[in-house]
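**Student:** This is a predicted model, with the sequence first.
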Amino acid sequence: MSQQNAFFKPTTKYNEFLLLELLHSNPTITQRQLCKELSLSVAAINDYLKNMVSEGYLVKKRISYKNVHYNLSDSGIRRKNYLKINYFNSIQYMYRSSKEDVLSFLKDIVGEEPRKLILYGAGEVAELLLEVLSNGDNTISIVAILDDDETEQNKTLHGFPVIDFHDIDNYVHDGILIASYTHHSEMIQKLKDRNYNSEKIYQFFGN
């Protein structure tokens, strides 16, 4: 939990949720460790702990002058579970919204007409696109995954075969969608070098 999402600023409730989760799993965790896990200052951690004690969510137990344990009370456990439910609800909403945005973006790229596509690249981008298209309620369908890595070929990715260039003509398709950010220019050139119709090459990360 120490690595915060690079695109989202943690809220007060999110930090409170993480802090309660950490203390519930390990009441002896030090403030230094809490600072590291939540990427917060000592002063910020102290404020959270003080407020949670005053709210009755935590029970403070001093072991020694420098050693203090914080245990969740019954209300603290209820608070943690409440925050967890809200957290998961927010994640689910964001996930559904993101899938809709990606699908809309894909349709802008390949058009509204039904399309059978080969994905070029068997990495994380391909996995994302396959997940977005998995519900079947759209006009885009994937027939295979094209990849240059021989160790990936003849395998499957989410049930789709990973093929090489020699297998392209074996699959009825309307185009190839480049599923890579770092190598998309090289991939386009490889397709052009093999005289693949440039009008049927679609870029998820276009210029």
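**Tutor:** That came through, no problem. Numbers count the residues shown, from 1 in each chain.

**Student:** From the chain's centroid, how far away is the longest helix seen in the chain?
**Tutor:** Secondary structure of the chain per DSSP state H: the longest helix is helix 74-110. Offset of helix 74-110 from its chain centre (CA atoms, centre = their mean, to the nearest Å): 11 Å.

**Student:** I'd like the next helix or strand past that helix.
**Tutor:** Note on helix 74-110: by DSSP states H and E, the next helix or strand toward the C-terminus is strand 115-120.

**Student:** Mind exporting the C-alpha coordinates of that next one to PDB?
**Tutor:** Output of strand 115-120 as PDB, limited to C-alpha atoms (Å, rounded to 0.1, in the frame of the first residue of the first chain):
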ATOM      1  CA  ARG A 115     -14.800  -4.600 -37.000                       C
ATOM      2  CA  LYS A 116     -12.800  -7.800 -36.500                       C
ATOM      3  CA  LEU A 117      -9.300  -6.800 -35.400                       C
ATOM      4  CA  ILE A 118      -5.900  -8.300 -34.700                       C
ATOM      5  CA  LEU A 119      -4.100  -6.700 -31.800                       C
ATOM      6  CA  TYR A 120      -0.400  -6.100 -32.400                       C
END
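
**Student:** begin at 535 from here
**Tutor:** Sure thing, new numbering starts at 535, so read that last one as strand 649-654.

**Student:** What lies in contact with that strand?
**Tutor:** Under the contact criterion CB atoms under 8 Å, 6 or more residues apart in numbering, strand 649-654 has outside partners 644, 660, 663-664, 673-681, 694, 697, 702, 705-714, 721, 725, 736. No exception for glycine: its C-beta is placed from N, CA and C like everyone else's.

**Student:** buried stuff in that strand?
**Tutor:** Buried residues in strand 649-654, counting neighbours by 16 or more other CB atoms under 10 Å, are found at 649, 651-654.

**Student:** Need the pLDDT of N704.
**Tutor:** N704 carries a pLDDT value of 95.

**Student:** how near is it to T690?
**Tutor:** Relative to T690, N704 is positioned 15 Å away (CB to CB, to the nearest Å).

**Student:** Likewise for Y715?
**Tutor:** Separation of Y715 from T690 (CB to CB): 23 Å.

**Student:** Which residue ranges of the chain form helices?
**Tutor:** Using DSSP H, the helices found in the chain span residues 546-559, 565-572, 576-588, 608-644, 658-666, 718-727.

**Student:** Can you lay out those helices as a markdown table showing mean pLDDT?
**Tutor:** Putting these into a markdown table (pLDDT from 0 to 100) gives the following:
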| stretch | mean pLDDT |
| --- | --- |
| helix 546-559 | 94 |
| helix 565-572 | 91 |
| helix 576-588 | 95 |
| helix 608-644 | 87 |
| helix 658-666 | 86 |
| helix 718-727 | 92 |
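
**Student:** S598: which of those helices is closest?
**Tutor:** Of all the helices of the chain, the one in closest proximity to S598, counting by CB to CB, is helix 565-572 (14.0 Å).

**Student:** between the closest one and helix 576-588, how big is the angle?
**Tutor:** 100 degrees (axes from the mean of the first three to the mean of the last three CA atoms, to 10 degrees).

**Student:** Pull out the buried positions in helix 565-572.
**Tutor:** 568-569, 571-572.
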